[in-house]
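> when you get a sec, could you give me coordinates for this:
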Amino acid sequence: MILLFHAFSREIAPFKRRLRNRAPLALDGLHGFRAEIGGKEFAVVGHGIGHRRAAEAARRALDSIPGAELVIGTGVVGALSGGLKPGDLVLSDRILTIDGDDQLSEQVITVSESHLRAVGRSLASAGIAYSTGPILTSHRVLATGAEKRRAKENTGAIAVDMETAAIAAEAAARGLPFVAIRAVLDEVDDEVVGAEMADADGNVRPLAATSYLIRNPAAMLKLPKMIRNLSRATASIADALTAIAHEGKTPDATKRARDSVARKRPR
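Down below sits the predicted model:
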């Protein structure tokens, strides 16, 4: 059984549509469902945005759902490396955090080589390209290119999110294997617009959105690009998780025919 964590519903929506026999988790305090794909059972938990919410949901899920053989953190990330584009996949080999001054980084876990190889084989067998490197969990949104480039210089991470370290730490505390497979939403020099319009579950708050757009009318021109990037990223997540579930032997409808190197390392 694979225990899968994500922040908000749109991150997982394309993958969810591929799952059969979905049923609610029916566990107090947890939002998610159980399903089957590729002969594997998935327990899928949505934890909301931010380290605290991810830690609380991961703690509760890991205490309440027995039998997990693998814990996966998934969702979108911001690129910290110039070689990463929207929709590109990042398979993390290390999980890092950063202090409140965005200066000192701390390693939370190193992903086991055996699980990294197993997931990598599944992706490669399905013809899915990915990059391997550290993912940084930040306490706040890194909204500008300058902030993201500084984080890259200070930590060496190739991508950033706000939850992976929390889930990794809870899995490690229980001796459970953990991997993070995430898709790029914004490039390193892209400005992240509209983050304050969403609530902690990733849903747009109408009043907050109206206020933000009145104060930042130019953001209207950038939102369509962000929406397109989100569609690319979530489609990549769905392909990656399908490949993992089928151990690379994906149905023809979900295989991407490509003659590319399965692993690319951004600068």
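> how close does residue 132 get to residue 26?
37 Å (CB to CB, to the nearest Å). (C-beta placed from N, C-alpha, C; glycine too.)
> between those two, which one's more packed in?
Neighbour count, other CB atoms under 10 Å: between residue 132 and residue 26, residue 132 has more, with 19 against 9.
> doesn't that one lie inside a helix?
No - under DSSP: H, G, I helix; E, B strand; the rest coil, residue 132 sits outside any helix and is assigned strand.
> isn't it up against residue 119?
No - assessed by CB atoms under 8 Å, residue 132 is found out of contact with residue 119, at 9.9 Å.
> mind listing the helices for the chain?
Along the chain, the segments classed as helices by DSSP state H run 9-16, 51-64, 113-125, 145-155, 164-173, 206-215, 219-245.
> just put these in TSV and tack on distance to residue 45, mean neighbour count and mean pLDDT.
Formatted as TSV, these follow (distance: least, CB to CB, whole Å; neighbours: other CB atoms under 10 Å; pLDDT from 0 to 100):
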stretch	distance to residue 45	mean neighbour count	mean pLDDT
helix 9-16	10	19	94
helix 51-64	5	19	94
helix 113-125	19	16	95
helix 145-155	27	18	91
helix 164-173	9	24	95
helix 206-215	26	12	52
helix 219-245	14	19	86
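> out of those, which comes closest to residue 190?
Comparison of the helices of the chain against residue 190 by CB to CB identifies helix 145-155 as nearest, at 7.1 Å.
> CA atoms only for the closest one, dumped as CSV, please.
Extracted in CSV, the C-alpha atoms of helix 145-155 (Å, rounded to 0.1, in the frame of the first residue of the first chain):
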residue,chain,number,x,y,z
GLY,A,145,13.5,35.2,-9.1
ALA,A,146,15.9,36.9,-6.8
GLU,A,147,14.5,35.0,-3.8
LYS,A,148,14.6,31.7,-5.6
ARG,A,149,18.2,32.2,-6.9
ARG,A,150,19.3,33.1,-3.4
ALA,A,151,17.8,30.0,-2.1
LYS,A,152,19.6,28.0,-4.7
GLU,A,153,22.9,29.6,-3.8
ASN,A,154,22.4,29.0,0.0
THR,A,155,21.2,25.4,-0.1
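> how far off centre is it?
Counting by CA atoms, centre = their mean, to the nearest Å, helix 145-155 is centred 19 Å from the centre of its parent chain.
> before we move on, what about stretch 230-238?
Taking mean C-alpha positions (CA atoms, centre = their mean), stretch 230-238 and its chain are 10 Å apart.
> joint contacts of residue 132 and residue 119?
Between them, residue 132 and residue 119 share these contacting residues under CB atoms under 8 Å, 6 or more residues apart in numbering: residue 91.
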